[in-house]
Structures are given as C-alpha cells and as structure tokens.
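> Have a look; sequence and predicted model below, questions after that.
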Amino acid sequence: QVQLVESGGGLVQPGGSLRLSCAASGFTFSRYAMSWYRQVPGKVRELVAVIASTGGYTNYADSVKGRFAISRDNAKNTVYLQMNSLKPEDTAVYYCNGRRTGYDYWGQGTQVTVSS
C-alpha cells in the first residue's frame, strides 16, 4: 500500500521558517523523483520544488528560489522542504508527490499559513 504522509505544516509569522517532511512507504522511494506542490482554494496546484531520485538535481518555482530548499534521505524514505523567509503568499496546502514513468503518487497535504 503506497503512502505519502506529510507533516510539519502550521501557522508561522512572516519572515519565519518551517520544515515540511514527507514519509514514503509502499514503493521503491529511491527510484522516484519527488516534488512538493502547493494549492490555494480556487487556484491550480503549482509545482514548488522537485528533486531527482538520486538527489543530484533540484529545481524550484521562481517564487521560492533562494528561500526554499528541497532535500531527500533515501535511507529514511523521506523528502523535506525547508522554507525560510516565509511570506503571506506562501499560504497554501502543501502536497508531496512521487513520480516515475507510469506511476504518480500523492500525499494528503499539510496546511501552511503565514500570517501575523
């Protein structure tokens, strides 16, 4: 049974930091590219960051470059998103995604709210 379980969301003040985690099970984690997406009600889900299966390649949405960092620990089957200098516009539900050819898995999401 495939599972992606996100954690680490919450309420933070502007300028603060959060670290999201996504624990994977039920598939060979090290063979999958992993991504973080986010979605605001009424808007399309957008890609925030992606990391290759080996961790040797990462890419970010322009809106988070220099503030967010994606990483993974294949020994722990976990992907992380370190979010710094958070802004109110970063408020969204953040989703973990695992993908390889023919396979596409999603977590249930974790809420991040940036507000004073």
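Happy to help now that I have it.

> For residue 57, which non-adjacent residue is closest in space?
Taking Cβ to Cβ, 6 or more residues apart in numbering, and ignoring the residues beside it in sequence, residue 57 has residue 51 as its nearest neighbour in space, at 7.0 Å. Glycine gets a C-beta too; all of them are placed from N, C-alpha and C.

> Can you tell me how far the one you found is from residue 29?
From residue 51 across to residue 29, the span is 12 Å (Cβ to Cβ, to the nearest Å).

> Equivalent analysis for residue 17, please.
Look at residue 17 and residue 29: by Cβ to Cβ, they are 25 Å apart.

> the more surrounded of the two?
When neighbours are counted by other Cβ atoms under 10 Å, residue 17 and residue 29 differ, and residue 29 comes out ahead with 21 against 11.

> show me the contacts for the more buried one.
Taking Cβ atoms under 8 Å, 6 or more residues apart in numbering as the contact definition, residue 29 lies against 74, 77, 98.

> in stretch 52-64, what counts as buried?
53, 60, 64 (16 or more other Cβ atoms under 10 Å).

> And stretch 70-88, by the same measure?
By neighbour count on 16+ other Cβ under 10 Å, the buried set for stretch 70-88 is 70, 72, 74, 77, 78, 79, 80, 81, 83, 86.

> Which residues are in contact with residue 85?
Here residue 85 is in contact with 15, 17, 67 (criterion: Cβ under 8 Å, 6+ apart).

> same deal with residue 10?
Residues 18, 111, 112, 113 are the ones in contact with residue 10 under the rule Cβ under 8 Å, 6+ apart.

> Also residue 51?
By Cβ under 8 Å, 6+ apart, the contact list for residue 51 reads 33, 34, 35, 57, 58, 70, 71, 72, 79.

> The residues you listed into JSON lines, with extra columns for distance to residue 47, secondary structure and pLDDT?
Formatted as JSON lines, the entries for the contacts of residue 51 read as follows, by distance: Cβ to Cβ, whole Å; DSSP: H, G, I helix; E, B strand; the rest coil; pLDDT from 0 to 100:
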{"residue": "33", "distance to residue 47": "11", "secondary structure": "strand", "pLDDT": "98"}
{"residue": "34", "distance to residue 47": "12", "secondary structure": "strand", "pLDDT": "98"}
{"residue": "35", "distance to residue 47": "6", "secondary structure": "strand", "pLDDT": "98"}
{"residue": "57", "distance to residue 47": "14", "secondary structure": "coil", "pLDDT": "96"}
{"residue": "58", "distance to residue 47": "12", "secondary structure": "strand", "pLDDT": "97"}
{"residue": "70", "distance to residue 47": "11", "secondary structure": "strand", "pLDDT": "98"}
{"residue": "71", "distance to residue 47": "17", "secondary structure": "strand", "pLDDT": "98"}
{"residue": "72", "distance to residue 47": "16", "secondary structure": "strand", "pLDDT": "98"}
{"residue": "79", "distance to residue 47": "14", "secondary structure": "strand", "pLDDT": "98"}
